[in-house]
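>>> I would like to see how this sequence folds:
(chains A and B)
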Amino acid sequence: MNNESTNSFFSKERITAPPGFNRWMIPPAALAVHLCIGQAYAFSVFNNPMTRLIGITESAPNDWDLPTLGWIFSIAIVFLGLAAAFAGKWLEEVGPRKAMFVAACCFGGGFMVAALGIAWHQIWLVYLGYGVLGGTGLGIGYVSPVSTLIKWFPDKRGMATGMAIMGFGGGAFIASPMSVALMKHFSSETSVGVAQTFVVMGILYFISMMIGALAVRIPAPNWKPEGWTPPAKQNAMISRNNVHIDQALKTPQFWLIWWALCLNVTAGIGVLGQASVMIQESFKGAITPAAAAGFVGVLSLANMLGRFFWSSVSDYLGRKNTYYTFFILGTILYFSVPGMGAAGNVALFVLFYAIIISMYGGGFSTLPAYLADLFGTRFVGGIHGRLLTAWSAAGVFGPVLVNYIRQYQVDSGVPPAQAYTTTMYIMAGLLIIGFFCNMAVRPVSSHHHMSDEATPEHGASPQLTPAMAGNK
Amino acid sequence: MNAKTQSTTSPVLLILFWLYVGIPLVMGIWETLLKAAALFK
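Numbering: from 1, shown residues only, chains lettered A, B, ... in the order given. You can find the predicted model right below:
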């Protein structure tokens, strides 16, 4: 394949949809990518087998320990944030197909390099493979279909991006049983089957992501959904103008939403990481480890479904109001949860946490539409990528906050069952701060807008969602 | 662009594409629900 044909194959012109193209082909194309990269949430299934690569039945002295393996996921998440932040601008220039192709190469290739590292027992190769390469694929893959979906669904921005980002939450549901089945298939007296599993998964994920890349299309210039006209009444919170990716960082809106996301994610991520231990300590003796695993499953489902539900609701409620809901309802629930634990009410305890985690997922999925409303659709993919650094920051804050406060409580003589009470109150406090950050978000000042010549190349001009007309 | 245009996308292809992403996801969710049932036993 020469350079010219490569450029042609990936070019925006090549993937511009013909008249009559059904836009409902785009969500499964995005899901084909997000369901693959969502595997990251299930990486922990490899931890135990990877501590027995030499010893096979039990860890040998030269085997890797869990702290060493823990770095694989951490490096991947760091590179997810970096790739999303730095590749966003490039993504807007080259279009979604090329970005998805690069994501497929990085993610699939990352598994291959990591498989070599496992086969040769070289941890640096695993860090490089799954951590650096795979993490880069995660970041590019996460943001690549977002702006395309927003351009195809100007009337349902929230729902469209929610579908894709729901896939990221749902990827673990596929990866976890598949990984276990593959390791079982490949395990023998001389191997735990992890390297072979990585090779198979690398190939499968590459193929699946390439199917998404081949299927993706961008709308023709000035395309609009058939029969849809933007409402006449313009909502002040939804801009018809575009803000350049570099200029967006100079607006207070970017940083207010950065903090709103960071605080919402911090509150949720701390709970997710401690869910199993937390429910067992809150209901000492009443909750078995198997039941606690079930609780983790319920929260994962709430995380996935919340991504679709809340972003779809935001099309009617408005993005700002949806974020208000996260902060107000979240605060009430965090204050109420310790009471449910003390009263021994497992059902309400599970229900309240499921709602909290659904809003954690909803924060991610409503974000692209919120950004498109404020900054326009032209650079929303890149702006979204840069804002995801809030996720990386929350990934550090959340677990540290929960673990540190809990340990402090236990060391101070507080019974473990009550040790999470203060933590929950602090989480509620974070959400109150988030509420005020969201409250301060106003329409972007006109001096940040791009000139008329720099209007979107593809798809409908930035439009308001019908149901949001008049929604402040 | 807004005029009624003939669809150029095969409905069969559209359904197959949705099944391709939907079936593995539903199977994974079902497995998770079975595990989650332990919480309410």
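>>> How about whichever residue of chain A sits closest to chain B: what's its closest non-neighbour residue?
Distances between chain A and chain B by CB to the nearest CB are smallest at A:Phe173, namely 2.9 Å. Bear in mind the C-beta positions are built from the backbone N, C-alpha and C, glycine included. Sequence neighbours aside, B:Gly28 is the residue nearest to A:Phe173 in space, at 2.9 Å (criterion: CB to CB, 6 or more residues apart in numbering or on different chains).
>>> can you give me the offset of the helix or strand the one you found falls within from its chain's centre?
According to DSSP states H and E, B:Gly28 maps onto helix B:11-36. Centre-to-centre, helix B:11-36 and its host chain are 5 Å apart (CA atoms, centre = their mean, to the nearest Å).
>>> rounded to a whole number, what's the mean pLDDT of that helix?
Taken as a whole, helix B:11-36 has a mean pLDDT of 92.
>>> neighbours around A:Ile54, how many?
Here the count is done by other CB atoms under 10 Å in any protein chain shown, and A:Ile54 has 13 residues near it.
>>> ok but it is inside a strand, no?
No: A:Ile54 sits outside any strand when classified using DSSP: H, G, I helix; E, B strand; the rest coil, being coil.
>>> Checking the residue nearest to it when sequence neighbours are not counted next. Helix, strand or coil?
Distances taken as CB to CB, 6+ apart put A:Ala60 closest to A:Ile54, at 4.2 Å, once the chain neighbours are dropped. Assigned by three-state DSSP, the conformation of A:Ala60 is coil.
>>> Regarding A:Ala60, what are the backbone dihedral angles?
Backbone geometry at A:Ala60, expressed as degrees, to the nearest 10, gives phi -90, psi 160.
>>> can you count the residues close to it?
So A:Ala60, with other CB under 10 Å, has 12 neighbours.
>>> What score does it have for pLDDT?
The score at A:Ala60 is 92. That number is its pLDDT.
>>> repeat for B:Thr8
Predicted confidence (pLDDT) for B:Thr8: 82.
>>> any idea how far A:His121 is from the residue nearest to A:Ile54?
From A:Ala60 across to A:His121, the span is 11 Å (CB to CB, to the nearest Å).
>>> could you point out which element follows the lowest-mean-pLDDT helix or strand in chain A?
Lowest on mean pLDDT, DSSP states H and E among the helices and strands of chain A sits helix A:3-10, with a mean of 60. Proceeding N to C from helix A:3-10, the next assigned helix or strand is helix A:26-37, under DSSP H and E.
>>> and the angle from that following helix to helix B:11-36?
On the basis of axes from the mean of the first three to the mean of the last three CA atoms, to 10 degrees, helix A:26-37 is oriented at 40 degrees to helix B:11-36.
>>> got a list of what the residue of chain B found nearest chain A touches?
The nearest approach of chain B to chain A comes at B:Gly28, 2.9 Å away (CB to the nearest CB). Listed by CB atoms under 8 Å, 6 or more residues apart in numbering or on different chains, the contact set of B:Gly28 reads A:Gly170, A:Ala172, A:Phe173, A:Ile174, A:Ser176, A:Pro177.
>>> what's near enough to touch the residue lying farthest from the centre of chain A?
The outermost residue of chain A relative to its centre, with distances by CA atoms, centre = their mean, is A:Glu189 at 38.2 Å. A:Glu189 is in contact with A:Ile56, counting by CB under 8 Å, 6+ apart.
>>> Next one: it from A:Ile56, what distance?
7 Å.
>>> Name the nearest residue to A:Lys98, ignoring sequence neighbours.
A:Phe10 is the one closest to A:Lys98 (CB to CB, 6+ apart), at 4.0 Å.
>>> And for that neighbour, the neighbour number?
Other residues lying near A:Phe10 total 19 when counted by other CB under 10 Å.
>>> returning to that earlier point: from A:Ile332, how far off is the residue nearest to A:Phe173?
32 Å.
>>> go on, A:Val402?
Relative to A:Ile332, A:Val402 is positioned 19 Å away (CB to CB).
>>> So between the two, which is more surrounded?
Neighbours per residue (other CB under 10 Å) separate A:Val402 from A:Ile332, with A:Val402 holding more: 24 against 14.
>>> which of the contacts of B:Gly28 tops the neighbour count?
Using other CB under 10 Å as the neighbour criterion, A:Gly170 leads these with 29 neighbours.
>>> pretty sure it is in a helix, no?
Yes: using three-state DSSP, the assignment for A:Gly170 is a helix.
>>> Near the residue nearest to it when sequence neighbours are not counted, how many other residues are there?
Residue nearest to A:Gly170 in three dimensions, not counting chain neighbours: A:Met304, with 4.6 Å by CB to CB, 6+ apart. Using other CB under 10 Å, A:Met304 has 29 neighbouring residues.
>>> gap between A:Met304 and A:Gly361?
7 Å.
>>> outside of the helix or strand harbouring A:Tyr425, which residues touch it?
Using DSSP H and E, A:Tyr425 sits in helix A:419-439. Contacts of helix A:419-439 from elsewhere in the structure, counted by CB under 8 Å, 6+ apart, are A:256-257, A:259-260, A:263-264, A:266-267, A:270-271, A:274, A:278, A:281-282, A:320, A:323-324, A:326-328, A:330-331, A:334-335, A:337-338, A:341, A:401-402, A:405-406, A:409-410.
>>> Please compute how far it lies from its chain's middle.
When distances are taken as CA atoms, centre = their mean, helix A:419-439 is centred 21 Å away from the chain's centroid.
>>> Could you list the low-pLDDT ranges of chain A?
Scanning chain A for pLDDT under 70 picks out A:1-7, A:232-234, A:452-472.
>>> How is it divided into domains?
Using automatic domain parsing, the domain ranges for chain A come out as A:3-11+A:18-215, A:245-449+A:459-466.
>>> Can you list the buried residues in stretch A:198-213?
Residues of stretch A:198-213 classed as buried: A:198-202, A:205-206, A:208-213 (neighbour count, 16 or more other CB atoms under 10 Å in any protein chain shown).
>>> any idea how far A:Leu138 is from the residue of chain B closest to chain A?
Distance from B:Gly28 to A:Leu138, by CB to CB: 19 Å.
>>> What lies in contact with the helix or strand where A:Tyr142 lies?
Element membership for A:Tyr142 (DSSP H and E) is helix A:135-143. Contact partners of helix A:135-143, identified using CB under 8 Å, 6+ apart, comprise A:33-34, A:36-37, A:40, A:75-85, A:87-88, A:91, A:99-100, A:102-110, A:168, A:209, A:381-382, A:384-385, A:388.
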